[in-house]
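Participant: Turn this into a model:
(2 chains)
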2 protein chains.
Amino acid sequence: MPVNYRTPAAAELLPVAGVRLGVAAAGIRKPDRRDLAVLAFDSGTRVAGVFTANRFCAAPVQVCRRHLELGCDIRALVINTGVANAGTGEAGWQVATATCAALGNLLAIADRQVLPFSTGVILEPLPLDRLLAGLPACIADLRADNWHAAAHAIMTTDTVAKAASRRVEVAGRAVTVTGISKGAGMIRPNMATMLAFVATDAGIASPLLRELLREAADESFNGITVDGDTSTNDSFILAATGQAGVDVSAPTDPGYQVLRQAVIAVASELAQAIVRDGEGASKFIRITVEGGRDRAECRSVGYAIGHSPLVKTAFFAADPNLGRILAAIGYAALDELDVGRVRVWLGSAGREILVAENGGRADCYREEDGAGIMQEAEITVRVALGRGDARTTVYTCDLSYEYVRINADYRS
Amino acid sequence: MPVNYRTPAAAELLPVAGVRLGVAAAGIRKPDRRDLAVLAFDSGTRVAGVFTANRFCAAPVQVCRRHLELGCDIRALVINTGVANAGTGEAGWQVATATCAALGNLLAIADRQVLPFSTGVILEPLPLDRLLAGLPACIADLRADNWHAAAHAIMTTDTVAKAASRRVEVAGRAVTVTGISKGAGMIRPNMATMLAFVATDAGIASPLLRELLREAADESFNGITVDGDTSTNDSFILAATGQAGVDVSAPTDPGYQVLRQAVIAVASELAQAIVRDGEGASKFIRITVEGGRDRAECRSVGYAIGHSPLVKTAFFAADPNLGRILAAIGYAALDELDVGRVRVWLGSAGREILVAENGGRADCYREEDGAGIMQEAEITVRVALGRGDARTTVYTCDLSYEYVRINADYRS
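Facilitator: This is a model prediction of the structure:
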């Protein structure tokens, strides 16, 4: 069960003019589940993507990068779950390109106008025949109000589908931003995320679209971790169809900041939903690190805490064994860190207590206060490094028996 | 239960001339368990130490560094378990120095000739009164044949005591090397280890002793990980009493290589014992990375694999979900890594199978072969990076339900 998250109802996910979605049960790895989705974009849509920094990136990621480089308008995305098509060498590339060719043929567009995505088990071949056999059903299913079904069709170990929607007024026009994501394990996105697809009917010129994509990734997916494992398949796509009658091309254009905030809000909601549904998660932890020299060092402290199995099991146990947080800050290996200036607070539901200062436990700290906060499902750790003005937030979950069960069972 | 490890019997731990050990049950955190140890060195012993790189290093680590810098002969070590005296600020420093003063007084040596060590819960005050009250019993217990008891007195979540002994002939004389260690969680030593104390009756000049210490740490404790958490208290001490009638001061001295190998063998056995007894461990995993440009990059690949919760749960489940290993290699972030040249083998008990090559699953790989090896208690992962001559080995264990239980329960 995810921590304080429910999938929006189908009716809550606002259609984006110019985007249609279709799903099918292609039996790629398991029978009788929706495991294939197609997103079709009307002509004129601009698309940008960021992808995993993993050196063993999957074949579909390689094909995506290639097709985006070629510069033709992207008109369709095809996403399968069950098999990641990663660690599949030359054969994997052939499967990914054959998928694009088949879908292009069915939609009467060029191969290079299709981006392929896969998620699931690594090192196993993706059954091309089943995937191709499922495509006509996806196309027959294409509808603008089908985001909910698509969110379900891309799940792996997710226990709930993840989707988010916003409607904002930009330059006097109603603009919609809707997106879906998936992911619960192998989550430590680096430059991108597991899989996330966000679309808006605003028109956004390509350079600005890429800037917005990077900014939204940085504010959302690049700040989450479940297990510290950066996936081979992380992809985050932002599409702008331009059908709302609003076009922006510079950050100073009227209404751009409102649109920007809406895109970041959707991306953040999707990213945090992944953590709330993190494998075995029973707690949602926000780690805010402030007072750093730059954002990178704040992030490295946040990730040191967020990746520590000892910190994560303490949260699972609701045990305020907070020395484990100090140890993690200490091994984040910041140059010349003066531990005497570091302060740590623990908080929940608007309440916050000082835990550590002057290199040790705060005089005012009472164990029963810490124990009370550790019982909550949503907990904030705030760390002040006391050496600068930079700050960032990392989102993570606890480490439970259920995490081990899921990952010991998955695939077998 | 540790993986293929048993504590040597008391009689198997050879006394080192010039070293006496005593233990006591001081009730520091729990009643009726041995939790305090003193090691006393005869005059003329040379001592070197390496310590944690954690910025939140414990008060006793700070005092050790200070006392070693002051340059007086070190004549005694005092080690308590239960409370780490880390994250304890100025008060922690006072407790550590008062401990040295009290022991110095009892042994008629200077404060600065004592090194203090603590292990246990972080961020809690170390009860100085109980520690001091236990010291006379330790001193009354001082004996040369007491290594076995000392190994027990320094345990925390360890399920077994860890000790190792070697006798070698150096320049025609019998030389003994005996050591003890502790640690099961918060294990990812960086420059040192949890706690390890090794002594020899060879005489080793100080510069060579420090070189040997660093080399032995690098070959043993700096290559192990249980959970990726670098402790605040890691310390590795090497003492040379000189009472065997053998003195060395240069690597070219007769017999030095034999002595060097014996020290490294004892350190390696102690380090591997920590992994075999890693919290919740049911498997012992050797990860050898070869063909790297330098040792650092081999180690970063080894640790990426060894820290991955997904890899570790797959080992626990005996599931050959080996794509997780490729993903970990990929996110170790080696510059310009050509994944097409990477090869991965899985092995056990003298048998080894090629799993991955050319960026994907090896043609000859059969799932049932992988599944067979994954059933074994000791497993080797060998990774060839195909871009140089460097190599290293990282030792780790699996991630089990028991790991979560131990760390959710510990302290509470």
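
Participant: Skip the chain neighbours and tell me the closest residue to residue A:196.
Facilitator: residue A:181 (3.8 Å; Cβ to Cβ, 6 or more residues apart in numbering or on different chains). Heads up, the C-betas are built off the backbone N, CA and C, glycines and all.

Participant: secondary structure element for the one you found?
Facilitator: strand A:173-182 (DSSP states H and E).

Participant: who are the neighbours of that strand, in terms of helices and strands?
Facilitator: Helices and strands touching strand A:173-182, by 3 or more Cβ pairs under 8 Å, 6 or more residues apart in numbering or on different chains; DSSP states H and E, are helix A:147-153, strand A:162-170, strand A:195-200, helix A:256-276.

Participant: Could you tell me the angle between it and strand A:195-200?
Facilitator: Orientation check (axes from the mean of the first three to the mean of the last three Cα atoms, to 10 degrees): strand A:173-182 against strand A:195-200 gives 170 degrees.

Participant: Parallel or antiparallel, which strands does strand A:173-182 pair with?
Facilitator: Using DSSP bridges, strand A:173-182 pairs in its sheet with strand A:162-170 (antiparallel), strand A:195-200 (antiparallel).

Participant: which parts of that strand are buried?
Facilitator: By neighbour count with 16 or more other Cβ atoms under 10 Å in any protein chain shown, strand A:173-182 contains the buried residues A:175-182.

Participant: Dump those residues to TSV, plus pLDDT.
Facilitator: Shown next, in TSV, are these (pLDDT from 0 to 100):
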residue	pLDDT
A:175	94
A:176	94
A:177	94
A:178	94
A:179	93
A:180	94
A:181	92
A:182	91
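
Participant: re earlier: mind giving me TSV with the helices and strands packed on strand A:173-182 and columns for distance to residue B:355?
Facilitator: Shown next, in TSV, are the helices and strands packed on strand A:173-182 (distance: least, Cβ to Cβ, whole Å):
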stretch	distance to residue B:355
helix A:147-153	31
strand A:162-170	33
strand A:195-200	26
helix A:256-276	29
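
Participant: okay, those, which one's buried deepest?
Facilitator: Ranked by average neighbour count under the criterion mean count of other Cβ atoms under 10 Å in any protein chain shown, the helices and strands packed on strand A:173-182 are headed by strand A:195-200 at a mean of 29.

Participant: and the next element down the chain from that strand?
Facilitator: strand A:203-204.

Participant: Three-state assignment for the closest residue to residue A:355 other than its chain neighbours, please.
Facilitator: In space, and not counting its chain neighbours, residue A:355 is closest to residue A:344: 4.7 Å by Cβ to Cβ, 6+ apart. Here residue A:344 is strand, with the state taken from DSSP: H, G, I helix; E, B strand; the rest coil.

Participant: Identify the bridge partners of residue A:344.
Facilitator: residue A:356, residue A:383.

Participant: element containing residue A:21, please.
Facilitator: strand A:19-24.

Participant: Could you check how far that strand is from the centre of its chain?
Facilitator: 20 Å (Cα atoms, centre = their mean, to the nearest Å).

Participant: who's in contact with it?
Facilitator: A:34-42, A:45, A:134-135, A:137-144, A:146-147, A:149-150, A:152-153, A:178, A:199, A:201, A:239, A:241 (Cβ atoms under 8 Å, 6 or more residues apart in numbering or on different chains).

Participant: Nearest to residue A:382 among the buried residues of strand A:173-182?
Facilitator: residue A:181 (26.4 Å; Cβ to Cβ).

Participant: isn't that closest one right up against residue A:272?
Facilitator: No: if you go by Cβ atoms under 8 Å, residue A:181 and residue A:272 don't touch, sitting 10.0 Å apart.

Participant: mind checking the SS state of the residue in the stretch 151-300 of chain A positioned nearest to chain B?
Facilitator: Closest contact between the stretch 151-300 of chain A and chain B, by Cβ to the nearest Cβ, is at residue A:230 (3.8 Å). State at residue A:230, reduced to three classes by three-state DSSP: coil.

Participant: Give me the pLDDT for the nearest residue in space to it that is not next to it in sequence.
Facilitator: Counting by Cβ to Cβ, 6+ apart, residue A:230 lies nearest to residue B:331, which is 3.8 Å off, once chain neighbours are set aside. Residue B:331 carries a pLDDT score of 89 in this model.

Participant: go on, the one 3 residues further on?
Facilitator: For residue B:334, the model assigns a pLDDT of 90.

Participant: Do a quick rundown of the helices in the stretch 201-350 of chain A.
Facilitator: Counting by DSSP state H, counting those that start in this stretch, one finds helices in the stretch 201-350 of chain A at the ranges A:206-219, A:256-276, A:295-307, A:309-317, A:323-331.

Participant: would JSON lines of those with distance to residue A:195 be doable?
Facilitator: Below are those laid out as JSON lines (distance: least, Cβ to Cβ, whole Å):
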{"stretch": "helix A:206-219", "distance to residue A:195": "13"}
{"stretch": "helix A:256-276", "distance to residue A:195": "10"}
{"stretch": "helix A:295-307", "distance to residue A:195": "21"}
{"stretch": "helix A:309-317", "distance to residue A:195": "24"}
{"stretch": "helix A:323-331", "distance to residue A:195": "29"}
